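S.K.: Fold the stuff below for me.
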Amino acid sequence: MNKILVIGLMSGTSVDGIDAALVEICDRRGMITTNLIAGHTYEYDADLRKEILAVCAGEPRSLQQICELDDRVAESFAQAAIAIMEKGDRIPNLIASHGQTVFHRPPEFREEEDGKTELGYSVQLGRGAVIAELTGLKTISDFRTADIEAGGQGAPLVSMVDALLLTDPHKYRACQNIGGISNVTYLPPSSMPKHHEVFGFDNGAGNVLLDMAVQKLFGEPFDRDGAIARQGEADLVLINQWLEQEFFVTEPPKSTGRELFSPAYLEKCLAECHDLSNYDIMATLTEFTARAIYKSYNEFLPVFPDEVLISGGGSHNRYLIERLQELMYPTEVMSIDKLGISTDSKEAIAFAVLGYLRLKKRNGNLPSVTGAMRSVLLGKIFP
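M.R.: The predicted model follows:
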């Protein structure tokens, strides 16, 4: 049995802070289990968060400013690693850092140019070389590039870890992350024949529209427990119109980000909500988030799941989870905490595992999820 202590670092499209997880990974002949020693979210400095969101929104910056921002993000990630390291009783072997996504462009098939496919492009700030230098620990970062170079979306990458840790012998499971963006991993039972593949994709906006809307309309950082949305009434006609947009009807593999679900996208939504109260708008956007997930299951999953395992910040939005449970009934919707994995640390844990796979020269992507032409090693190693 091989044991290794890894720090996983992750910051998602909500840009609400750096999730850090100190994880003991046990490998018994290829069977991986994890033990979370400590997990914590370290908030960004307010000015740094503001600058990251400005770049995500496409505001112009010079190359020098981008480089300086890259260093500031890396320094913040290193500080988070050092802080979580102090919660353990021994020095970790490795840091695995996803970094902060500021731009994501999926690959695009262009019929007008002889059927050529334009490779995707994804930018994560917080370079591993700086983290390694500041912490003195071997660091793996830049996880998405290799999958993109193999023709994939570069996302979702957590599906590999879902398959390793959460596959059930008999149940069909959907691992539904609701962060800034929502994404799902479909896990067929391990007892099924091998041609039943793990499958996954981004299925819409998660918290990103809800957070932007509640900040604009109510001056709150987020809709705690969905209490504001609960007071309104959703406009189902409007929601059904939105669900006919290109992203929602496009078959997987597919991924998205703030490039689509941007402040401009929210403004278009709000313009179409001109007859609704602010409470109704929040109810409509929450229902939109829930129905986008439900619609994607019906249209794209080979079998509707027996269980839906929720993780990410959206798992704390009680009203959103209630709406999902009602839509999914009789399928059980539950927090991934019930299976012994922290919902708040899950993605940081996942990148710790992906870092371990890279260290052991094991492929980290799933072509059935990302659309890549082949399995590849993910991440670059900085001693």
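
S.K.: ranges for the helices of the stretch 201-350 of the chain?
M.R.: In the stretch 201-350 of the chain, the helices defined using DSSP state H, counting those that start in this stretch lie at 208-218, 227-230, 236-242, 246-249, 263-271, 278-300, 318-328, 346-359.

S.K.: quick one: which of these is nearest Thr256?
M.R.: helix 246-249 (6.1 Å; CB to CB). Quick note: C-beta positions are derived from backbone N, CA and C, even for glycine.

S.K.: Touching that closest one from outside, list them.
M.R.: With contacts defined as CB atoms under 8 Å, 6 or more residues apart in numbering, helix 246-249 is touched by Gly204, Trp242, Lys254, Thr256, Leu260, Ala292, Lys295, Ser296.

S.K.: Kindly recompute the last result at 10 Å.
M.R.: 106, 202-205, 242-243, 254-256, 260-261, 288, 291-292, 295-296, 299 (CB atoms under 10 Å, 6 or more residues apart in numbering).

S.K.: Count the residues that sit near Gly99.
M.R.: By the measure other CB atoms under 10 Å, the count of residues near Gly99 is 26.

S.K.: quick revisit: return the most buried member of the helices of the stretch 201-350 of the chain.
M.R.: helix 346-359 (a mean of 27; mean count of other CB atoms under 10 Å).

S.K.: Name the nearest residue to Gly99, ignoring sequence neighbours.
M.R.: Nearest residue to Gly99, sequence neighbours excluded (CB to CB, 6 or more residues apart in numbering): Gln124, at 3.3 Å.

S.K.: Can you tell me the element that neighbour falls in?
M.R.: strand 121-125 (DSSP states H and E).

S.K.: If you count neighbours, what's buried in that strand?
M.R.: Ser122, Val123, Gln124, Leu125 (16 or more other CB atoms under 10 Å).

S.K.: partners of it, with directions?
M.R.: Strand 121-125 has the following strand partners under DSSP bridges: strand 94-105 (antiparallel).

S.K.: and the angle for the partner strand with helix 346-359?
M.R.: Between strand 94-105 and helix 346-359, the angle comes out at 110 degrees (axes from the mean of the first three to the mean of the last three CA atoms, to 10 degrees).

S.K.: Counting neighbours, show which residues of strand 94-105 come out buried.
M.R.: Buried, per 16+ other CB under 10 Å, within strand 94-105: Leu94, Ile95, Ala96, Ser97, His98, Gly99, Gln100, Thr101, Val102, His104, Arg105.

S.K.: Kindly confirm my reading that Ala38 is in a helix.
M.R.: No - counting by DSSP: H, G, I helix; E, B strand; the rest coil, Ala38 is not part of a helix but strand.

S.K.: pLDDT score assigned to it?
M.R.: Predicted confidence (pLDDT) for Ala38: 97.

S.K.: Tell me which residues touch it, please.
M.R.: Contacts of Ala38 (CB under 10 Å, 6+ apart): Ile7, Ala20, Ala21, Leu22, Val23, Ala83, Ile84, Met85, Glu86, Lys87, Gly88, Ser345.

S.K.: For the protein, which helix or strand comes out least confident on mean pLDDT?
M.R.: Among the helices and strands of the chain, strand 108-110 carries the lowest confidence by mean pLDDT, DSSP states H and E, at a mean of 68.

S.K.: Okay, now the unreliable bits of this protein?
M.R.: Applying pLDDT under 70 to the chain flags residues 109-116, 194-195.

S.K.: Strands along that one, start to end?
M.R.: Assigned by DSSP state E, the chain shows strands spanning 2-11, 18-28, 31-42, 94-105, 108-110, 116-118, 121-125, 139-141, 173-178, 181-187, 199-205, 307-311, 332-335, 380-382.

S.K.: And Gly364, how close does it get to Leu354?
M.R.: As judged by CB to CB, to the nearest Å, Gly364 and Leu354 stand 5 Å apart.

S.K.: Identify the contacts common to these two.
M.R.: Common neighbours of Gly364 and Leu354 (CB under 10 Å, 6+ apart) are Phe143, Leu157, Met160, Val161, Leu378, Gly379.

S.K.: These: which two are farthest apart?
M.R.: Maximum pairwise distance among those (CB to CB): 13.3 Å, between Val161 and Gly379.
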